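Asker: Predicted model and sequence follow; I will ask about them next.
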Amino acid sequence: MPTAEVAVVGGGLIGLFSAHELVERGYAVTVLEAGGGLGGGAARVNGGWVCPARSDPLPSWGVVRDGIRSLVSPGRGSFLLSARALPRVAGYLARFLASSGGQTFSRSWDDLDLLNRRTAGLVDELVAARVIDDLQDEGFLMLHPTSEEAEASRASLLSVSRRGLCPPPEPILERRALLRLEPGLGDAAQFGFVHRGDRWLDPSRLVDRLGSSLRSRGVRVLEDTPVLAVRQRGTRVELATRSGTVETGHAVIAAGAWSEHLLRPLGIHGYVTPGKGYSFTIHPEHPPTHVLRLGDTHVGVTPMGGRTRVLGMVELDGTPEGLPAGRIDVMKRKAAPYLTGVDWDASTDEQVGPRPMTPDGKPLIGCAPGADRVVVATGHNMLGLSLAAPTATLVADLVERGSAATVPAFDPMRFTRRRR
Ligand SMILES: Cc1cc2nc3c(=O)[nH]c(=O)nc-3n(C[C@H](O)[C@H](O)[C@H](O)COP(=O)(O)OP(=O)(O)OC[C@H]3O[C@@H](n4cnc5c(N)ncnc54)[C@H](O)[C@@H]3O)c2cc1C
C-alpha cells in the first residue's frame, strides 16, 4: 500500500508539531509555508512558555475592561483595540463578549485542560527524542510592588494549582530574598514568589530543530508557497497555489492568524482574528535566570539561550502585520521599574507576531464540514506553544479516523452554527 500523503498548510508551531506527529505515524508529509522560511507568524516571536498550568482563556471581564479603556485612551493598557479597526473585528468582538461571562469562561478553561493535561508528558517525549534540547525548569518568578498584590496573585495561582496541573506556589518572599534569586531586580519588585510547573524554551531554536528533523526524515518543505484555497474532491484534496494545484490525500490547515480566509470558503466561520503581540531583546547587567512576570503589567521577561526577551501586549487592529509606533516604548515603561542595569535604548530585535485569536479562547480543531480529509488546526490564541504537542496528536487522530475522532469542545463549526 502506498504511503498516505498529508499536506500541512503553514510552517508555524501548530503546522510543524503536526507534521512531526504525522511523520511519527508513517505519513508522507509536505509542509507548504507562505513565508521565505519556516516559523513565520508568531512562531519565533513568542515568550517560549510551555505553560499548561497558567492557561486560562483570554475572554474575561478584566480583558473586556482593558479593551474599553484602550478605546478611550489609545495605546494604553495591554489589550488594545483601535476604534478604526472595530468594523474589521466586530464579529470576533461580539462573540468574545458572549464568551466572557463566568460559566462560559470556566467551561472553556475546562476544555483547554483536556489538551493541557497531555502537554507535559508529550513535551517530555520530545525532549527524550532530542527534538527539544533547551527546556528550562527553574520556575517563574512572580513579582509585585505590594504585599497585597503578591497575596492576591498567589491566591489566584493556588486555586489554579487545584486543577492539578502544577504544584501550589511557593511562599511569598520579601525583596532581600528576591534579590538573592535575581540580583538585577528593580525597586518595583518588593514581593514575589516562585511558581513551578510551567517551563520555557527558545521558540526560534525549536522551529529550526523541528525543521531540520522533518527534512532529515524526508518531509518536503515548500517555502514561499502561500496556499490560496483548499478543497476536497472525492477522496483527494486540492491545494491552490500561485504555481499551480498541489494534490494530496489529506490537508491540515494550520495557517495561524491567516487561517480565516482558507476557512470561509469551506463553510467555516471561525472568526480567527490576529491579536498582535510584541517582543524585543534587552541586554541586562544581571540577566535573569527565571521567567519574570511583572506585577499586573502583562509584560513578561524570558531568559532565552544567552538573550533576554521582553514580551507582551495583545492588539487587535484588524491586521496581522506592522508594529505601531510607541508600542515597544509602552512595554519598556512598564518593565523598567522591575529591572536595574538595563540600557533600554540599546534594545534589539523588535518583533511583531499575530496570535490566532478565537472568540472563546479555544482552538478550532476538527474536520471541515463535508470534507473529512481536510483537518483544521488553528486559533490557539496565547497558547500555541503550550498546546502544540497535544494538538498534533489530535490532528493525527483526525487524519487517521476522520470526523470519528472529533472532540466537540474544539469543533471548528461552533460559531458557524450560532450564526444561523
Ligand atoms: C508576543 C507573543 C508571546 C507569546 N508567548 C507565548 C508563550 O509564551 N507560550 C505560548 O504557548 N504561546 C505564546 N504565544 C502564542 C503563540 O506564539 C501562537 O499561539 C502560535 O504561534 C500559533 O501557532 P500557529 O502555528 O497557529 O501560527 P503561527 O505560529 O503564527 O504560524 C502560522 C504559519 O502559517 C504561515 N501561513 C499563513 N498563511 C499561509 C498560507 N495561506 N499558506 C501557507 N502558509 C501560511 C505563516 O507564514 C506562519 O509560518 C505568544 C505570541 C506572541 C505574539
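Answerer: The structure has been received and is ready for your questions.
Asker: doesn't residue 58 make contact with residue 314?
Answerer: Yes: the pair residue 314 / residue 58 is scored as a contact, 7.4 Å apart, by CB atoms under 8 Å. For every residue, glycine as well, the C-beta is placed using N, CA and C.
Asker: Overlap in contacts, these two.
Answerer: Residues touching both residue 314 and residue 58 (CB atoms under 8 Å, 6 or more residues apart in numbering): 357, 382.
Asker: And the helices in this structure, which stretches?
Answerer: Applying DSSP state H to the chain gives helices spanning 13-24, 61-72, 86-99, 102-128, 147-161, 175-181, 203-216, 260-263, 327-335, 384-401, 414-419.
Asker: out of those helices, deepest packed?
Answerer: Comparing those by mean neighbour count (mean count of other CB atoms under 10 Å), helix 13-24 ranks first with a mean of 26.
Asker: Report the inter-axis angle for that helix versus helix 102-128.
Answerer: On the basis of axes from the mean of the first three to the mean of the last three CA atoms, to 10 degrees, helix 13-24 is oriented at 50 degrees to helix 102-128.
Asker: contact partners of helix 13-24?
Answerer: Outside of helix 13-24, the residues within contact range by CB under 8 Å, 6+ apart are 6, 8-9, 29, 31, 33, 38-39, 42-43, 131, 203, 207, 210-211, 213-214, 217-219, 252, 254-256, 377-378, 380, 384-385, 388-389, 391-393, 395-396, 399.
Asker: what sits against residue 203?
Answerer: 13, 39, 43, 44, 45, 46, 48, 385.
Asker: Of all the residues in the stretch 101-250 of the chain, which one is nearest the ligand?
Answerer: Residue of the stretch 101-250 of the chain nearest the ligand, by CB to the nearest ligand atom: residue 227 (3.8 Å).
Asker: Need the per-residue pLDDT for that residue.
Answerer: pLDDT for residue 227: 98.
Asker: What's the local residue count around the residue nearest to it when sequence neighbours are not counted?
Answerer: The shortest distance from residue 227 to any non-neighbouring residue, by CB to CB, 6 or more residues apart in numbering, is to residue 9 (4.6 Å). Neighbourhood size, residue 9 [other CB atoms under 10 Å]: 29.
Asker: wait, what's in contact with residue 9?
Answerer: So, once contact is read as CB under 8 Å, 6+ apart, residue 9 ends up touching 15, 32, 227, 230, 239, 251, 252, 253, 254, 255, 262.
Asker: Mind checking which of the residues you listed are in strands?
Answerer: 32, 227, 230, 239, 251, 252, 253 (DSSP state E).
Asker: ok, back up a step: contacting the ligand as well, which ones from the contacts of helix 13-24?
Answerer: Contacts with the ligand within the contacts of helix 13-24, as defined by CB under 6 Å from any ligand atom: 9, 33, 39, 42, 43, 254, 255, 256, 378, 380, 384, 385.
Asker: ok, back up a step: now tabulate the helices of the chain in TSV and tack on mean pLDDT.
Answerer: Listed next are those as TSV, based on pLDDT from 0 to 100:
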stretch	mean pLDDT
helix 13-24	98
helix 61-72	74
helix 86-99	89
helix 102-128	93
helix 147-161	95
helix 175-181	98
helix 203-216	98
helix 260-263	97
helix 327-335	95
helix 384-401	98
helix 414-419	74
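Asker: Flag every residue of the stretch 251-400 of the chain that's near the ligand.
Answerer: Within reach of the ligand by CB under 6 Å from any ligand atom, the stretch 251-400 of the chain has these residues: 254-258, 277-279, 311, 353, 355-356, 378, 380, 382-386.
Asker: With only the CA atoms kept, save stretch 303-314 in PDB.
Answerer: Extracted C-alpha coordinates of stretch 303-314, given in PDB (Å, rounded to 0.1, in the frame of the first residue of the first chain):
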ATOM      1  CA  PRO A 303      15.900  34.200  29.600                       C
ATOM      2  CA  MET A 304      16.500  32.600  26.200                       C
ATOM      3  CA  GLY A 305      19.700  31.000  25.400                       C
ATOM      4  CA  GLY A 306      22.000  33.900  26.500                       C
ATOM      5  CA  ARG A 307      19.500  36.500  25.400                       C
ATOM      6  CA  THR A 308      16.800  38.200  27.500                       C
ATOM      7  CA  ARG A 309      13.400  38.600  25.800                       C
ATOM      8  CA  VAL A 310      10.700  41.100  26.900                       C
ATOM      9  CA  LEU A 311       7.200  40.300  25.600                       C
ATOM     10  CA  GLY A 312       3.600  41.400  25.900                       C
ATOM     11  CA  MET A 313       0.500  43.100  24.600                       C
ATOM     12  CA  VAL A 314      -2.500  41.900  22.600                       C
END
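Asker: Show me what counts as buried in it.
Answerer: Buried residues in stretch 303-314, counted by 16 or more other CB atoms under 10 Å: 303, 304, 308, 309, 310, 311, 312, 313, 314.
Asker: Could you pull up the residues touching the residue of the stretch 101-250 of the chain closest to the ligand?
Answerer: 9, 32, 34, 239, 240, 241, 255, 262.
Asker: For burial, what's the neighbour tally of the fourth one?
Answerer: Other residues within reach of residue 239 by the criterion other CB under 10 Å amount to 23.
Asker: I figured it hits residue 10, correct?
Answerer: No: here residue 239 lies out of contact with residue 10, judged by CB under 8 Å, at a distance of 11.6 Å.
Asker: Which residues are in contact with each of the two?
Answerer: Common contacts of residue 239 and residue 10 (CB under 8 Å, 6+ apart): residue 32.
Asker: Stretch 223-236: end-to-end distance?
Answerer: Stretch 223-236 has an end-to-end distance of 23 Å (criterion: CA to CA, to the nearest Å).
Asker: Over to stretch 134-144?
Answerer: Distance between the boundary residues of stretch 134-144 (CA to CA) amounts to 28 Å.
Asker: cool, stretch 30-48 as well?
Answerer: End-to-end span of stretch 30-48 (CA to CA): 26 Å.
Asker: what's the answer for stretch 170-185, then?
Answerer: The first residue of stretch 170-185 is 19 Å away from its last residue (CA to CA).
Asker: what's the answer for stretch 356-367, then?
Answerer: With CA to CA as the measure, stretch 356-367 spans 18 Å from end to end.
Asker: For that stretch, what does the pLDDT average out to?
Answerer: Averaging pLDDT along stretch 356-367 yields 96.
Asker: For it, buried residues please.
Answerer: 356, 357, 358, 359, 360, 361, 362, 363, 364, 365, 366, 367.
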